[in-house]
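Novice: fold the following and give me the result.
(one chain, ligands or ions: 1)
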Amino acid sequence: MGLDMIRKAFRNAALAAALAAGASANAAYDVDILPPASPIAQQIYDLHWAIMWVCIVIFFLVFGAMFYSILKHRKSVGAKAAHFHENTTVEVIWTVIPFLILVGMAYPATKTVLDMKDASNPDLTIKVTAFQWAWEYDYLQDGVKFNSLLATPRSQIEEWERKGEQKNPHYLLEVDKPMVVPAGKKVRLLITSNDVIHGWYVPQLGINQYGIPGFVKDTWFKADKPGLYRGQCSQICGKEHGYMPIVVVAKAPEEYAAWVKEQKANSPQAAAPAQVAVAAAAPAAAEDPNKKWSLDELKAAGEKVYAANCAACHQPTGKGMPPAFPALDGSKVVNGPKAAQLALVLGGKQGTAMASFARLSDSELAGVITYTRNSWGNKTGEAIQPAEVKAARK
Ligand SMILES: [Cu+2]
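Specialist: This next block holds a predicted model:
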């Protein structure tokens with residue numbers, strides 16, 4: 001046993017490491033998080049690396065200083081400890097520098113968090129309802145609604161045929177019907193749950209959002225380019241928690257439109273509220289904005305707008321789903337002054353799922369407000385004209 005043996009062992013270890021490194025380079029092996037595919041995911045990715053570098057630099061500075069001091073000032077070379085108490089300069093330095101570092105990290109992190117929460121002005125909205133154990137996707141504008149379920153066959157999961165059988169590469173991350181979205185468009189998700197807490201998690205899109213029963217959380221993403229992004233439920237939600245994957249397919253906008261058409265053709269019973277709403281709004285667009293509409297005209301147009309934009313939350317019966325979504329039937333706001341109701345629907349209510357509906361046209365808003373004021377048990381007998389809506393917009 002001697003130095004020679006140790007040297008040999010070291011050389012063999014180094015050789016093995018070099019071989020392993022070579023092999024992994026051939027396999028294009030990277031140690032990194034998944035490549036980002038949305039602006040938020042990009043921000044998260046950049047933050048990840050920026051903060052990692054801060055940590056690496058601090059690591060080497062701190063450990064460098066420590067090992068330097070330990071070696072340089074060890075007793076065996078005759079170091080003598082200095083005896084001093086309290087050094088204001090040193091204390092100020094070691095408070096101010098970490099403070100600046102923390103602020104420097106908190107600033108971009110806060111900015112990203114604020115951007116993540118800004119689900120305003122989406123191009124389309126999809127309501128996501130989690131179930132034990134499936135995801136339901138409800139396209140509020142396009143009138144498409146379906147469940148998305150794990151597609152990996154049970155026989156493969158439980159290896160019924162052969163023990164240790166070869167799994168397919170997307171084992172447990174494949175679904176029967178993916179969420180399809182247009183690439184490059186802002187998609188807002190309204191996420192809730194029907195039973196326990198689930199989590200809608202798609203790392204490449206930068207989303208990890210709880211679905212909580214009785215609450216609706218909103219979040220958003222914009223897929224940079226067409227592609228397929230996988231994720232899964234991120235909250236332990238029961239025994240089948242591992243079996244609720246998520247697949248998002250981003251398509252070019254024309255392909256998305258074709259997909260919507262196809263979905264509707266395949267499910268005739270699915271309502272087509274967007275088409276109806278557009279049809280209702282189309283003549284209005286051509287109309288004189290100062291035209292006085294009759295209450296019945298407004299109500300008829302409003303009924304369609306309501307079905308397309310409000311019924312998902314407030315329900316076709318106007319009874320809502322308290323406590324998450326208040327009833328409009330009998331609501332004080334709906335039966336109160338028109339101006340306050342108009343302001344609420346135009347501006348939305350910050351911090352709740354009640355978003356701004358300013359994107360609807362004047363006649364659509366006039367219609368839907370007149371409809372809610374004169375439907376179910378609400379009998380105000382009052383109409384609100386498109387011109388009033390126009391005046392209320394700032
Ligand atoms: Cu779940």
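Novice: surely residue 340 meets residue 332?
Specialist: No. At 9.5 Å, residue 340 and residue 332 do not qualify as touching, with contact defined as CB atoms under 8 Å. Yep, even glycine has a C-beta here, placed from its N, CA and C like the rest.
Novice: pick out whichever of those two has more residues nearby.
Specialist: residue 340 (12 against 9; other CB atoms under 10 Å).
Novice: hang on, that one in a strand?
Specialist: No. Residue 340: not assigned to a strand; according to DSSP: H, G, I helix; E, B strand; the rest coil it is helix.
Novice: got a list of what it touches?
Specialist: Under the criterion of CB atoms under 8 Å, 6 or more residues apart in numbering, the contact list for residue 340 reads residue 333.
Novice: what's the spacing between it and residue 319?
Specialist: Using CB to CB, to the nearest Å, we find residue 340 at a distance of 21 Å from residue 319.
Novice: likewise residue 390?
Specialist: Separation of residue 390 from residue 319 (CB to CB) stands at 31 Å.
Novice: before we move on, what about residue 73?
Specialist: From residue 73 across to residue 319, the span is 77 Å (CB to CB).
Novice: same question, residue 213
Specialist: When CB to CB is the yardstick, residue 213 and residue 319 sit 18 Å from each other.
Novice: where does the stretch 51-200 of the chain get nearest to the ion, residue-wise?
Specialist: When distances are taken as CB to the ion, the stretch 51-200 of the chain approaches the ion most closely through residue 198, which lies 3.4 Å from it.
Novice: dig out what that residue forms beta bridges with.
Specialist: Beta-bridge partners recorded for residue 198 (DSSP bridges): residue 211.
Novice: that one touches residue 130, doesn't it?
Specialist: Yes. If you go by CB under 8 Å, residue 198 and residue 130 touch, sitting 3.5 Å apart.
Novice: compare neighbour counts for those two and give me the winner.
Specialist: residue 198 (31 against 26).
Novice: and the more buried one, what does it touch?
Specialist: For residue 198, the contact set (CB under 8 Å, 6+ apart) comprises 130, 210-211, 233-235, 237, 244.
Novice: could you rerun that using 10 Å?
Specialist: Applying CB atoms under 10 Å, 6 or more residues apart in numbering, one finds that residue 198 lies in contact with 128-135, 191-192, 209-213, 233-238, 241, 244.
Novice: drop anything exposed from those residues.
Specialist: Taking 16 or more other CB atoms under 10 Å as the criterion, what is buried in the contacts of residue 198 is 128-135, 191-192, 209-212, 233-235, 237, 241, 244.
Novice: give the residues shared as contacts by residue 198 and residue 130.
Specialist: Counting by CB under 10 Å, 6+ apart, the common neighbours of residue 198 and residue 130 are 191-192, 210-213, 233, 235, 237, 244.
Novice: can you narrow those residues to ones near the ion?
Specialist: Residues of these in contact with the ion (CB under 5 Å from the ion): 233, 237, 244.
Novice: in the stretch 251-394 of the chain, which spans are strands?
Specialist: Listed in chain order, the strands found in the stretch 251-394 of the chain under DSSP state E, counting those that start in this stretch amount to none.
Novice: pLDDT weak spots in it?
Specialist: Judged against pLDDT under 70, the low-scoring parts of the stretch 251-394 of the chain cover residues 267-289.
Novice: give me the residue from it nearest the ion.
Specialist: Closest approach of the stretch 251-394 of the chain to the ion (CB to the ion) occurs at residue 324, with a separation of 18.8 Å.
Novice: this completes my enquiry, with thanks.
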